[in-house]
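Engineer: pasting a predicted model and its sequence here:
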Amino acid sequence: MAIKLIGNYAKRLGLPGYSSHQFSVSVEIELSDAGNIQGEAARIYHLLQDAVDREIQDTGFVPGHDYGEVTLNHGPESQTRNGNGRSNGHHRANGSNGGEDRWSCSDKQKEFILKLVNENDLDRDTVEQTALDRFGVGVRQLNKLQASGFITELLESCGKNGKSPNGKGGRR
């Protein structure tokens, strides 16, 4: 008698601007021996979890904080819109020069990345190359989700596992 084992793993992540994305993977297998259920369930769970965690890191389009807003100012500082609520991507806030001080992740993530680099004497070029290899962008261009994964990698490379004492991750 064949036994069906069905596994599903899903994850939903919050993104900026009240946005989110999710990914789910399911698998169904048949077992001939009931003694294999526990081992196969654990194996499938880890396979599905790894697949979802790997794929969900690519967030795709993430709307900015001003996505969908209509600009009524027609002066030279107004942001060009194309009629569908989307901007041309060249908007800069007053006082911003678009220079290299701008980071895409949160201020706390920026501070923590810099702290890890400084306290562990990490080579900045190597850190930058790691971000480029892993995420396709430099450290300053990492979004919040990418920065979170990058921080985990930095912690692991520094000999810290990035887990709280209960083993479930969280704040450090």
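Structural biologist: Cool, the structure landed. Residues are numbered from 1 along each chain as shown.

Engineer: list the helices and strands the longest helix seen in the chain packs on?
Structural biologist: Using DSSP state H, we find that the single longest helix of the chain is helix 37-55. In terms of contacts (3 or more C-beta pairs under 8 Å, 6 or more residues apart in numbering; DSSP states H and E), helix 37-55 is packed against strand 3-15, strand 19-31. (Each C-beta comes from the backbone N, C-alpha and C, glycine too.)

Engineer: give me the residues contacting the helix or strand following it.
Structural biologist: Using DSSP states H and E, the helix or strand that follows helix 37-55 in sequence is helix 107-119. Contacts to helix 107-119, defined as C-beta atoms under 8 Å, 6 or more residues apart in numbering, come from residues 103, 105, 122, 124, 127, 139, 142, 144, 147-148, 150-151, 154-155, 158.

Engineer: I37: which of these is nearest?
Structural biologist: The closest of these to I37 turns out to be S148 (C-beta to C-beta; 34.4 Å).

Engineer: okay, now the unreliable bits of this protein?
Structural biologist: 17-18, 63-101, 161-172 (pLDDT under 70).

Engineer: domain map for it?
Structural biologist: According to automatic domain parsing, the chain comprises the domains 3-55, 107-157.

Engineer: what's the most buried one of the ones you listed?
Structural biologist: Here the criterion is mean neighbour count by mean count of other C-beta atoms under 10 Å, and of the domains of the chain the winner is domain 107-157, at a mean of 15.

Engineer: start to end distance for that one?
Structural biologist: End-to-end span of domain 107-157 (C-alpha to C-alpha, to the nearest Å): 22 Å.

Engineer: list the buried ones in stretch 55-63?
Structural biologist: 56, 59, 62 (16 or more other C-beta atoms under 10 Å).
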